[in-house]
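Peer 1: Provided below are the primary sequence and the corresponding predicted coordinates.
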Amino acid sequence: MKKIIILSFAMLSLVACSDDDTASNIAPIQTISEGGLFGTTDNPLNLGGPNQQNQVYVNLSEAAAMPVARESWDLGFYSGNDFRVVINGSLLMAVKQLETTDITVRQHEDASVAVGTFQVENLAYIDNPDGSLSGTAFGTLATSEEAAKVYLVNLGNQVPDTTPAAGSVNTAGDARGWKKVKIWQDDEGYKMQYSDLDTSEYTEVAIAKTAGYNHTFFSFTTGSVVNVEPEAAKWDMNLTTFTNEVFDNSGVSAGAYFYSDFIVTNTKAGVTALMVEGDVAAYEGFTIETLNTGDYAFSDDQRAIGANWRNVIPLEVYNNVFFVLKDGAGNMYKIKFISMLNTDGERGFPLFQYELL
């Protein structure tokens, strides 16, 4: 995979006039990937095949991909200036606010708090699919324990391990169960109480924000903070299963629905993207001049790539569209998807090419 070295004018000047003493103070030269292929044997994505057990974080500028087990986390506590909590939509999680502030009160499962019910009301139980923090299922957090409401949390579905027929996916297994959860702002971090539905006992934990990362992640399985995403500036796209809004044939919303083979962009770190209609020749001829002189607008919706690169009935990768992504540092890449199957016809093996504009 080719690399291009980018130096600022100031750095070039320093290099030209430096001696051994001053050279030691110069920041390391940054290399930016010029492009290549992701999803090959030499540069794998490791999504996990038709069970898609991993979320894969891709950093185009470093030509790097990091897979993380999607069942390794449940909640993400935002590390920015706001106080927001996101749920793991890759597992079909759903959340409903209750009227009580008492975590010790026993609760019951609610079948309506779920993904895929084909009821538009269930959109209130998931994070806004566009990725905006103003639309999180947990909403605006209380500033005290006394004011914080209890939430009913559907933990979604396990990642199955049964391989489906070629061309199909098996990404939602048995139910993972339920929790009741209470979260509030605590100084510069968060406090959370959680327990099973049928008990008055609970566990309380403090969650600190993690500088340089979008979120601090927590797992109910381990009862602890876990490592998930790379640093916020170190990833551009996440290949994952995803809870999205779905529409019926007349364009009316049918609520929250579960997608496989989905791609979100890291909008929280300033990554934006757009879709271009055009075939392979159009992709090859697309330059920075084409972008600058055309009528193109980058989107801060994390679904700008989303499912727009493939179809499942019939199963195909669209050959008449490609994408342009601008990362948080301003580097712009054109991206074209080539395949979503391996040589045995199994899904969960995306292949795409990209090139620095």
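Peer 2: Yes, it's here.
Peer 1: list the buried residues for stretch 156-170?
Peer 2: 156-157, 159-160, 169-170 (16 or more other CB atoms under 10 Å). (C-beta placed from N, C-alpha, C; glycine too.)
Peer 1: which residues are in contact with it?
Peer 2: By CB atoms under 8 Å, 6 or more residues apart in numbering, the residues outside stretch 156-170 that reach it are 49-53, 69-71, 88, 91-94, 115, 171-176, 260-261, 315, 341, 344-348.
Peer 1: among those, which ones are buried?
Peer 2: Among the contacts of stretch 156-170, the ones that count as buried by 16+ other CB under 10 Å are 49-53, 70-71, 88, 91-94, 115, 171-173, 176, 260-261, 341, 346-348.
Peer 1: show the contacting residues for residue 268.
Peer 2: So residue 268 contacts 80, 131, 133, 214, 232 (CB under 8 Å, 6+ apart).
Peer 1: and of those residues, the nearest to residue 322?
Peer 2: Proximity of the contacts of residue 268 to residue 322 (CB to CB) peaks at residue 131, which lies at 21.6 Å.
Peer 1: ok, the closest one - contacts?
Peer 2: Taking CB under 8 Å, 6+ apart, one finds 264, 267-268, 300-303 in contact with residue 131.
Peer 1: how about a cut-off of 6 Å?
Peer 2: 267, 302 (CB atoms under 6 Å, 6 or more residues apart in numbering).
Peer 1: and which of the buried residues of stretch 156-170 is nearest to residue 279?
Peer 2: Checking the buried residues of stretch 156-170 against residue 279 with CB to CB, the nearest one is residue 169 at 27.3 Å.
Peer 1: phi, psi of that closest one?
Peer 2: Phi and psi for residue 169, reported as degrees, to the nearest 10, are phi -130, psi 160.
Peer 1: can you tell me how far it is from residue 309?
Peer 2: Using CB to CB, to the nearest Å, we find residue 169 at a distance of 16 Å from residue 309.
Peer 1: next: residue 41.
Peer 2: Distance, residue 41 to residue 309, by CB to CB: 21 Å.
Peer 1: and the helices in the stretch 251-357 of the chain, which stretches?
Peer 2: Ranges of helices in the stretch 251-357 of the chain, per DSSP state H, counting those that start in this stretch, are 280-285, 288-293.
Peer 1: wait, what's in contact with residue 82?
Peer 2: Applying CB under 6 Å, 6+ apart to residue 82 gives the contacts residue 133.
Peer 1: and it, what pLDDT?
Peer 2: Predicted confidence (pLDDT) for residue 82: 96.
Peer 1: that one belongs to a strand?
Peer 2: No: using DSSP: H, G, I helix; E, B strand; the rest coil, the assignment for residue 82 is coil, not a strand.
Peer 1: now do the contacts for residue 59.
Peer 2: Contacts of residue 59 by CB under 6 Å, 6+ apart are 234-236.
Peer 1: does residue 77 really touch residue 214, like I thought?
Peer 2: No: contact between residue 77 and residue 214 fails when scored by CB atoms under 6 Å: they sit 9.9 Å apart.
Peer 1: number of residues surrounding the residue nearest to residue 211 when sequence neighbours are not counted?
Peer 2: Ranked by CB to CB, 6 or more residues apart in numbering and with sequence neighbours excluded, the top spatial neighbour of residue 211 is residue 79, at 6.7 Å. Neighbour count for residue 79, taken as other CB atoms under 10 Å: 20.
Peer 1: measure residue 79 to residue 199 for me?
Peer 2: Here residue 79 is placed at a distance of 31 Å from residue 199 (CB to CB).
Peer 1: kindly report the same for residue 111.
Peer 2: Distance from residue 111 to residue 199, counting by CB to CB: 21 Å.
Peer 1: between the two, point out the one with more neighbours.
Peer 2: residue 199 (11 against 7).
Peer 1: if you average pLDDT over stretch 199-212, what comes out?
Peer 2: Mean per-residue pLDDT for stretch 199-212: 98.
Peer 1: fine, thanks again, bye for now.
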